[in-house]
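**Q** model the structure of this input:
(one chain, ligands or ions: 1)
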Amino acid sequence: MRLSGKAALVTGGGTGIGRAIALALAREGAAVAVNYSRSREAAEAVVAEIARGGGGAVALQADVAHDAEARGLVQAAVEKLGHLDILVNNAGWTQRVPHDDLEGLTEAIWDRALGVNLKGPFYCVRATVPAMRQRGGGCVINIGTVAAFTGAGSSIAYAASKAGLTTMTRSLARALAPTIRVNAVAPGYVWTGFGNWPESLKEKVQQTTPLKRVATVEDVAAAALYLATDVALTGQVIVVDGGLTTLGAGA
Ligand SMILES: NC(=O)c1ccc[n+]([C@@H]2O[C@H](COP(=O)([O-])OP(=O)(O)OC[C@H]3O[C@@H](n4cnc5c(N)ncnc54)[C@H](OP(=O)(O)O)[C@@H]3O)[C@@H](O)[C@H]2O)c1
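**A** Coordinates of the predicted model:
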């Protein structure tokens with residue numbers, strides 16, 4: 001097992017991509033703190049699943065958009081797990097607003113998107129750095145999106161917040177080297193329900209994707225797991241989208 005003796009915190013780890021990452025890290029031997037803000041039952045189910053597999057896990061509530069809660073979350077994770085080596089900033093928030101509906105993009109939507117998707121990851125990293133330095137190293141994995149490159153996606157605010165997260169991945173990678181590695185995974189469409197995409201889009205996306213298959217939560221988790229192992233990578237973004245963003249449709 002590649003992560004024996006390691007401890008990880010996965011924000012938004014109770015559902016979708018975060019759940020798959022929490023399970024993947026646990027399968028490789030890491031103890032996992034599964035954060036949730038609203039989905040307590042889902043987070044506790046992930047903890048139970050990890051325990052059934054012989055691993056250690058704990059569910060921790062916090063809204064990462066608030067600095068004090070992010071600090072409390074990291075402190076609780078260190079107390080429960082003993083130390084912290086891996087932080088996965090997976091928690092994300094969006095509300096679909098057509099890009100040409102400029103008035104529909106309210107101040108509240110902007111604040112929430114920036115709070116959860118951009119400031120939250122920064123707060124969690126800042127809170128985690130002392131614990132990782134104490135261990136002599138660590139790694140951060142931010143879950144971005146291809147919308148950060150294309151400007152498309154569920155809203156202008158969502159794409160902009162994740163573009164900020166992509167840039168911040170590089171800033172933090174530079175600031176925290178050589179002790180802490182900071183990388184990102186940028187999924188394309190993953191059918192978790194996030195973004196509330198209409199059913200009619202699914203077949204179209206599948207057909208236009210060069211690999212003719214849309215990435216699964218397991219595909220994203222595999223990329224995150226790779227970054228969690230001790231590879232000589234920092235400041236990198238791995239795109240997991242069946243080739244759509246780079247190659248375009250109709251390859
Ligand atoms: N699915 C896609 O097509 C896609 C594509 C690109 C990127 N992504 C990114 O992948 C990540 C996971 O999304 P998903 O597809 O797995 O959807 P999801 O199942 O809806 O996951 C979102 C997670 O974020 C958590 N969360 C939201 N606000 C939070 C907050 N303030 N504090 C703590 N946790 C919070 C949610 O937990 P609670 O329910 O407990 O609030 C939930 O577990 C997101 O960052 C998203 O931007 C998804």
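**Q** Ala26: neighbouring residues, count only.
**A** Taking other C-beta atoms under 10 Å as the neighbour definition, Ala26 ends up with a count of 26. C-beta coordinates here come from the backbone N, C-alpha and C atoms, glycine included.
**Q** settle this for me: it is touching Val32, isn't it.
**A** Yes - using C-beta atoms under 8 Å, Ala26 and Val32 qualify as a contacting pair, with a distance of 5.1 Å.
**Q** any residues in contact with both of these two?
**A** Common neighbours of Ala26 and Val32 (criterion: C-beta atoms under 8 Å, 6 or more residues apart in numbering): Ile50, Gly55, Ala57.
**Q** what does the helix or strand the first one falls within rub up against?
**A** Translated: Ile50. Counting by DSSP states H and E, the element that carries Ile50 is helix 40-52. Contacts of helix 40-52 with the rest of the structure, by C-beta under 8 Å, 6+ apart, involve 13-15, 19, 22-23, 26, 32, 34-36, 56-61.
**Q** residue ranges in the chain under the pLDDT threshold?
**A** Along the chain, the parts satisfying pLDDT under 70 run over 250-251.
**Q** leaving out chain neighbours, which residue sits closest to the residue minimising distance to the centre of it?
**A** In the chain, the C-alpha closest to the average C-alpha coordinate belongs to Asn90, at a distance of 2.1 Å (C-alpha atoms, centre = their mean). Once flanking residues are discounted, Asn90 sits nearest to Gly18: 4.0 Å by C-beta to C-beta, 6 or more residues apart in numbering.
**Q** give me every residue that touches that neighbour.
**A** When the contact criterion is C-beta under 8 Å, 6+ apart, the partners of Gly18 are Val10, Thr11, Gly12, Val34, Val88, Asn90, Ala91, Ile143.
**Q** give me the buried positions along stretch 161-175.
**A** Using 16 or more other C-beta atoms under 10 Å as the test for burial, stretch 161-175 gives Ser161, Lys162, Ala163, Gly164, Leu165, Thr166, Met168, Thr169, Arg170, Leu172, Ala173.
**Q** may I have that stretch exported as PDB, CA atoms only?
**A** This file holds the C-alpha atoms of stretch 161-175, laid out as PDB (Å, rounded to 0.1, in the frame of the first residue of the first chain):
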ATOM      1  CA  SER A 161     -13.400  31.000  -9.200                       C
ATOM      2  CA  LYS A 162     -11.800  27.800 -10.500                       C
ATOM      3  CA  ALA A 163      -9.500  29.700 -12.700                       C
ATOM      4  CA  GLY A 164      -8.300  31.500  -9.600                       C
ATOM      5  CA  LEU A 165      -7.900  28.100  -7.900                       C
ATOM      6  CA  THR A 166      -5.700  27.000 -10.800                       C
ATOM      7  CA  THR A 167      -3.500  30.100 -10.600                       C
ATOM      8  CA  MET A 168      -3.400  29.700  -6.800                       C
ATOM      9  CA  THR A 169      -2.200  26.100  -7.200                       C
ATOM     10  CA  ARG A 170       0.900  27.500  -8.900                       C
ATOM     11  CA  SER A 171       1.400  30.400  -6.400                       C
ATOM     12  CA  LEU A 172       1.200  28.000  -3.500                       C
ATOM     13  CA  ALA A 173       3.400  25.400  -5.200                       C
ATOM     14  CA  ARG A 174       6.100  28.000  -5.500                       C
ATOM     15  CA  ALA A 175       5.600  29.400  -2.000                       C
END
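**Q** next, see if it gets close to the ligand.
**A** No - Stretch 161-175 lies apart from the ligand when judged by C-beta under 6 Å from any ligand atom; the minimum separation is 6.5 Å.
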